[in-house]
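**Student:** Quick one, structure for this:
(4 chains)
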Number of protein chains: 2
Amino acid sequence: MTKTKTQAAARTLPLNTILAGDCVEEMRKLPEGSVDLIFADPPYNLQLKGTLHRPDNSMVDAVDDAWDSFASFAAYDAFTESWLAEARRLLKPDGAIWVIGSYHNIFRVGAKMQDAGFWILNDVVWRKANPMPNFRGKRLTNAHETMIWAGKSETSKYTFNYEALKALNEGVQMRSDWVLPICNGGERLKDANGDKAHPTQKPESLLHRVLIGTSNPGDVVLDPFFGTGTTGAVAKMLGRDFIGIEREPSYRKVAEARIATVRRLEKEALQVSTSRRAEPRVPFGQLVERGMLRPGEILTSANGKAAKIRADGTLIADETRGSIHQVGAALEGAPSCNGWTYWHFRRDGKPVPIDVLRQQIRAEMRARPS
Amino acid sequence: MTKTKTQAAARTLPLNTILAGDCVEEMRKLPEGSVDLIFADPPYNLQLKGTLHRPDNSMVDAVDDAWDSFASFAAYDAFTESWLAEARRLLKPDGAIWVIGSYHNIFRVGAKMQDAGFWILNDVVWRKANPMPNFRGKRLTNAHETMIWAGKSETSKYTFNYEALKALNEGVQMRSDWVLPICNGGERLKDANGDKAHPTQKPESLLHRVLIGTSNPGDVVLDPFFGTGTTGAVAKMLGRDFIGIEREPSYRKVAEARIATVRRLEKEALQVSTSRRAEPRVPFGQLVERGMLRPGEILTSANGKAAKIRADGTLIADETRGSIHQVGAALEGAPSCNGWTYWHFRRDGKPVPIDVLRQQIRAEMRARPS
DNA sequence: AGGTGGACTGAATCACTGG
DNA sequence: GCCAGTGATTCAGTCCACC
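**Tutor:** The predicted structure follows:
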C-alpha cells in the first residue's frame, strides 16, 4: 500500500455517512487498506435470519426447520468468517479492530479472529455497573460483556494512547476491566412509541474510551453493525471520521437524527496527554556542541558513579567508554540504562539530571520549529 | 445411566488420589458418567517471545515451561478437542465443567466446548486485585482471566447453590465478575530452593467459590490438570471427593504433601478472602466519559482561576496541563491541591464543586454494590 | 513490640529507528 | 531484512531488615 494509493482511497471513502445494506456486501465496495479502526458489535442470536455469506461469497443454507446446534454454529461461524475477512481487508496495515460480544458468541468470534490473522492485544471486560439481575436465580448475574481488541496482524504498529488512558484512570495504568454503566436514561434512544429504538444500544462512555485510547483525531473509524450509531456519534464528537453500515432503515433513521445533533469538539479539547516516546530525539552530543556541557566535565550518578565527557559526546569511566546509555549500563551491570535520567551534572553545587538540558532544547524546538 | 450403574462406577473410582500420567489417557481409564464436576486449568499457549524486563531492569519470570508450548493453533485445538471429549464422557448427565483461561486460549477453548455439546451457563471474569502491570506501556494491564461454566448438555440439571453464593456476596446476587487477589504470600507453594513450585498456581479463594456455588458435599470433582492441587485441597476442605490427574512428578509430590495437611472443615465454614472496603476511587475521567462533564467545558475555582476540560480527563490552563489536582496546584503555586473541591462547574448559573458529581457516582455504586 | 522503608514478585503473546 | 543503538516503562502486596 503506497501513500498515493492510500490517499486515493481516502478520497473515495463515504466518510461520515451510513451505508444502507448488508455489511459484507457494502464492505466489498470499499477500497482495501483505507480504515484505521473498526468497532463491531455483531449480532449474537444463533437463530439466524436472512442469508449468510461465506468468505467466497457463496450462500450458506442456514437450517432453521429443525433445531440443530451444530448446523446453527456452522452458519454463525460462516457469517463471522465472511465479515471478518472483509473487515480485515479494509484495515490499513497498522489498523486495529474491536469486537464486542457475550458468552453466546464471543468465543466463536475470538477463535475466528485468530484464524483470520488478527493479533489479539487485550480482551477487555465491560463490567456493567447496573446489570439486569438474574430473576430465576438459576445462574450468576450476567454482569459483563467481553470486547476483543486486536491488531490487523502481529506486526501492526497499532495506536495506543497510553498516557491518555492513564489520565482517564487517575494516573494509574488502565486495566483490562472497565466499570461503566449500561446505556439508559436520557442517552437511551426511543422510537415514536416510546419503546427503546434498539435492543442493545451501547453506552457512549464505552466508545469514548475505545476511541480516545486506540485512535487519533482524523482517523477513519468503521462500524459495520452501526445500529443507532453510538460509534458515529462519539466519533464525530471526538473529531474522528466514521463510516457506518446498517441494514435496518429504522435504525439508520434514528442514527442520522442522533448524529446530526452532535457537535464536534474544538481542537484544544481533543488533545490528549502524550508519552515521552513521541517527543523528538535529541542526541547527547548536541548538549556538548551547544556548550551546555563541556568536554572534560564530570557527570555523576545518584549512587556515586562518575564519568568524564569527551568532545564527541561519549563518556569515559574506568575502562568503559561509549554513549551515556552504554556507560551507565556497564557501570550498573544492567542490560540497559536510560542515560538521560541516570547521569547528573552540577549546577549551583547540586546534581541535576542531564534530562533537564534535553527538555530545554525541546522547549526551544517547540518555540522555533526548524 | 442407571442409578445402579452409577454406584458401581463410583465404587471403582480412585477417589482422593492423584493419577500419574497424561490426562487424556488417564481419563480414558475412568468409567463414563461418574463425575459431578470438572475444574480444568489447561495450558494457555502463551506464545511468549523474548525476555521482558521491568523498568528497574529486573527480569520477569515468564511461563516458559515445555507443557505450555504448542506448534500451532491447530495443534492446540486438537489437544483441546481430545481432553474435552474425555471430560464430557466422564461427566454425569447433570454434571458441569469449569475451564479457566486467558485471551490466548479461552476463545478457542470456548468454541470447542460449544462444538462438543457443552451448554455454557456463564462466563465468569476473575478480576485480579493485584495483577502484574504492563511494563512497556504498550497495552492495557492484563488484569483478569476468564472462566467458562457449562453444563454437560443443554438439558443438564446442573447444581447451583444460589443462596450460598448470595450469602458469600453480602446478601446480593453473585455476579459474573469476581474480584479476588492472585495467589501469593504464604499460600504460594515453594520448592526446596525457595522458588515457586508451579508457575500458575490458582488461589484457593477462586476454587472455594466455584465448589461452594456449583457442587455439593460428597460430590466427585475431577481436575485433569491438577498442578499443585488447589482443586484437591479446597475439595477436601469442603467435604467433596476429588480425582486429580497430573503428568509432572514434581507437581504431584508438592500436591500430595499439601493436601495431606488440609483438614476437612466441620462447620466453621467459609472464610472467603474479602477485599478491603474503602470509599471507591472514582477517576475524574469517568465524569467525562459518562457525559456528566463535556470536553471543552470550563471549570472555575472559587478565586477566579479557570481551566478547560480535555477529552482524556485532563485539564489545560495557560501553559499547564495535567490532572485536576496537578493543574489546581500549579495555578495556586501550591505543592498539592484537592481538585475535587477546588474546581467547580456551572449548574443553573451557579458554580458547583465537581465533587458533587463524584458523590452521585458513589451513590449509584452503593445502591448497586459490586 | 511496633512502625518504616526497600527489595522482590505475579499466566505477559510488552519498541522503534537508522544504517 | 538484519543488526546495533537509543531510551521508555510498573501496581498491589508481601516479606524482611532495621530502627
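
**Student:** Please make it C-alpha for all contacts and neighbour counts, starting now.
**Tutor:** Fine.

**Student:** who in chain A is up against DNA strand D?
**Tutor:** Contact residues, chain A versus DNA strand D (CA under 7 Å from any atom of the strand): A:171-173, A:275-277, A:281-284, A:322-323, A:325-326, A:336-340.

**Student:** Pull out the buried residues from stretch A:193-208.
**Tutor:** A:197-198, A:201-208 (16 or more other CA atoms under 10 Å in any protein chain shown).

**Student:** again, but for stretch A:305-324
**Tutor:** For stretch A:305-324, the neighbour count (16+ other CA under 10 Å) marks A:306-310, A:313-317, A:321, A:323-324 as buried.

**Student:** From the residues of chain A next to DNA strand D, pick out the ones that also neighbour chain B.
**Tutor:** A:171, A:173, A:336 (CA under 8 Å from any CA of the partner chain).

**Student:** Return the per-residue confidence for the second one.
**Tutor:** According to the model's per-residue confidence, residue A:173 sits at a pLDDT of 97.

**Student:** Just give the nearest non-adjacent residue to it, would you?
**Tutor:** Distances taken as CA to CA, 6 or more residues apart in numbering or on different chains place residue A:166 nearest to residue A:173, at 4.8 Å, with adjacent residues excluded.

**Student:** List the contacts of that neighbour.
**Tutor:** Contacts for residue A:166 (CA atoms under 8 Å, 6 or more residues apart in numbering or on different chains) come out as A:172-174.

**Student:** go with 10 Å
**Tutor:** A:172-175, A:213, A:273, B:137, B:140, B:285, B:312-313 (CA atoms under 10 Å, 6 or more residues apart in numbering or on different chains).

**Student:** Most widely separated two among the buried residues of stretch A:305-324?
**Tutor:** Across the buried residues of stretch A:305-324, the longest distance by CA to CA is 15.3 Å; it joins A:306 and A:313.

**Student:** closest to residue A:349 among the buried residues of stretch A:305-324?
**Tutor:** Nearest to residue A:349 among those is residue A:306, at 15.8 Å by CA to CA.

**Student:** which ones are touching the residue nearest to the closest one when sequence neighbours are not counted?
**Tutor:** Among residues not flanking residue A:306 along the chain, residue A:300 sits closest, at 4.3 Å (CA to CA, 6+ apart). Shown in contact with residue A:300 (CA under 10 Å, 6+ apart): A:306-308, A:342-346, A:351-353.

**Student:** Make TSV out of the residues you listed and add distance to residue B:238 and secondary structure.
**Tutor:** Shown next, in TSV, are the contacts of residue A:300 (distance: CA to CA, whole Å; DSSP: H, G, I helix; E, B strand; the rest coil):
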residue	distance to residue B:238	secondary structure
A:306	61	strand
A:307	63	strand
A:308	67	strand
A:342	54	helix
A:343	58	strand
A:344	60	strand
A:345	64	strand
A:346	65	strand
A:351	61	strand
A:352	60	strand
A:353	58	strand
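
**Student:** one step back: which ones among the buried residues of stretch A:193-208 come in contact with chain B?
**Tutor:** With CA under 10 Å from any CA of the partner chain as the criterion, the buried residues of stretch A:193-208 include A:203-208 near chain B.
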